[in-house]
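Q: Got a sequence here, can you model it:
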Amino acid sequence: MRAAVAFLTPFGGAATPGRTTFRWFPLVGAALGGVVGVVWWGSARAWRGPLVPAALAVTADLVVTGLLHLDGLADSADGLLPHLSRTRRLEVMAQPDVGAFGLAATAAVLLARFAALASLRPEVALVAGVWCASRSLMLLGTVALPYARPAGLASAFLGDDRRITAGIGALGVAAGAALAGIARGGAGIAGIAGLLVAGSALGGLARSRIGGYTGDVLGAAAVVGETVALLVAAVRW
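A: Next comes the predicted model:
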């Protein structure tokens with residue numbers, strides 16, 4: 001659990017991830033979403049209008065994740081979107097700088113997240129459920145896709161039993177859908193479905209362009225999936 005917290009957040013102290021660390025991702029995701037949801041809900045009672053609470057919720061997510069997944073989104077956009085060879089894509093994704101594709105992708109996602117939250121009534125359970133499902137999506141991604149690098153940070157998880165990983169991932173998605181459904185009914189469940197579709201599409205793009213997943217791809221799938229889930233939940237059903 002501590003290793004999962006240390007891997008997904010700037011908290012938890014130094015901890016080396018192991019092959020079973022992934023199993024705690026849904027629970028850590030739900031906790032992170034709960035924190036973001038509380039900030040969103042609490043600030044809505046301190047400020048008038050939806051804009052400040054939405055902005056603070058987006059900021060809270062960046063703080064509790066240490067921008068880890070947003071960095072993965074930027075790196076993935078820089079590597080997967082331009083016309084490059086597979087080797088060059090992986091090289092670009094390993095570089096610390098951010099290019100035009102990464103900058104545009106992160107700006108668009110942050111804007112979409114802010115707008116979606118500003119369009120919704122603050123619900124802690126919704127955010128907890130979506131964040132739980134997004135971290136569960138990471139588990140399913142490691143089962144559905146091969147690892148694209150010969151070695152890397154995410155390779156620490158490759159030794160876990162794939163059936164257990166898939167089972168925990170599926171349970172995490174189901175738990176996330178239940179929480180989102182409690183908050184928004186059918187709209188919340190539809191949001192989780194949108195998260196799965198968006199994450200699968202990004203995984204398919206990574207498979208075709210670099211041969212599988214990397215840590216950056218998993219982080220990008222989480223961020224994109226969360227954003228789509230919030231947008232779908234905000235639709236006038």
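Q: give me every residue that touches Pro26.
A: When contacts are counted by CB atoms under 8 Å, 6 or more residues apart in numbering, Pro26 touches 132-133, 135-136, 139, 168-169, 171-172, 175-176. Bear in mind the C-beta positions are built from the backbone N, C-alpha and C, glycine included.
Q: and it, helix, strand or coil?
A: Applying DSSP: H, G, I helix; E, B strand; the rest coil to Pro26 yields a three-state assignment of helix.
Q: re earlier: which of the contacts of Pro26 count as buried?
A: By neighbour count, with 16 or more other CB atoms under 10 Å, the contacts of Pro26 hold 132-133, 135-136, 139, 168-169, 172, 175-176 as buried.
Q: possible to save these as TSV with pLDDT?
A: Compiled in TSV, the buried ones among the contacts of Pro26 are given as follows (pLDDT from 0 to 100):
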residue	pLDDT
Cys132	97
Ala133	97
Arg135	96
Ser136	96
Leu139	91
Ile168	93
Gly169	94
Gly172	96
Ala175	97
Gly176	97
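Q: Out of those, which comes closest to Leu126?
A: Distance to Leu126, by CB to CB, is smallest for Gly176 among those, at 9.9 Å.
Q: What sits closest to the closest one if chain neighbours are left out?
A: Spatial nearest neighbour of Gly176, chain neighbours left out: Ala133 (3.0 Å); criterion: CB to CB, 6 or more residues apart in numbering.
Q: how much space between that neighbour and Val5?
A: In this structure, Ala133 and Val5 are 18 Å apart, going by CB to CB, to the nearest Å.
Q: swap in Ala190?
A: Taken as CB to CB, the span from Ala190 to Val5 is 30 Å.
Q: got it, and Leu67?
A: Plainly put, Leu67 is 16 Å away from Val5 if you go by CB to CB.
Q: buried set for the longest helix seen in the chain?
A: What stands out as the longest helix in the chain, according to DSSP state H, is helix 186-210. Neighbour counts over helix 186-210 (16+ other CB under 10 Å) mark 187-196, 198-200, 202-203, 205-207, 209-210 as buried.
Q: any idea which helix or strand comes after it?
A: helix 215-233 (DSSP states H and E).
Q: In terms of secondary structure, what does that following helix contact?
A: If you count contacts as 3 or more CB pairs under 8 Å, 6 or more residues apart in numbering; DSSP states H and E, helix 215-233 packs onto helix 68-80, helix 100-119, helix 124-144, helix 162-184, helix 186-210.
Q: hey, C-alpha coordinates of that helix in PDB?
A: Only the C-alpha atoms of helix 215-233 are listed here, as PDB (Å, rounded to 0.1, in the frame of the first residue of the first chain):
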ATOM      1  CA  GLY A 215       4.400   4.200 -17.500                       C
ATOM      2  CA  ASP A 216       3.600   7.400 -19.500                       C
ATOM      3  CA  VAL A 217       0.900   5.700 -21.500                       C
ATOM      4  CA  LEU A 218      -0.700   4.400 -18.300                       C
ATOM      5  CA  GLY A 219      -0.700   7.800 -16.700                       C
ATOM      6  CA  ALA A 220      -2.100   9.400 -19.900                       C
ATOM      7  CA  ALA A 221      -4.900   6.800 -20.100                       C
ATOM      8  CA  ALA A 222      -5.900   7.600 -16.500                       C
ATOM      9  CA  VAL A 223      -6.000  11.400 -17.100                       C
ATOM     10  CA  VAL A 224      -7.800  11.100 -20.500                       C
ATOM     11  CA  GLY A 225     -10.200   8.600 -19.000                       C
ATOM     12  CA  GLU A 226     -11.000  10.700 -16.000                       C
ATOM     13  CA  THR A 227     -11.600  13.700 -18.300                       C
ATOM     14  CA  VAL A 228     -14.000  11.900 -20.600                       C
ATOM     15  CA  ALA A 229     -15.800  10.400 -17.600                       C
ATOM     16  CA  LEU A 230     -16.400  13.900 -16.200                       C
ATOM     17  CA  LEU A 231     -17.500  15.300 -19.500                       C
ATOM     18  CA  VAL A 232     -20.000  12.400 -20.000                       C
ATOM     19  CA  ALA A 233     -21.300  12.800 -16.500                       C
END
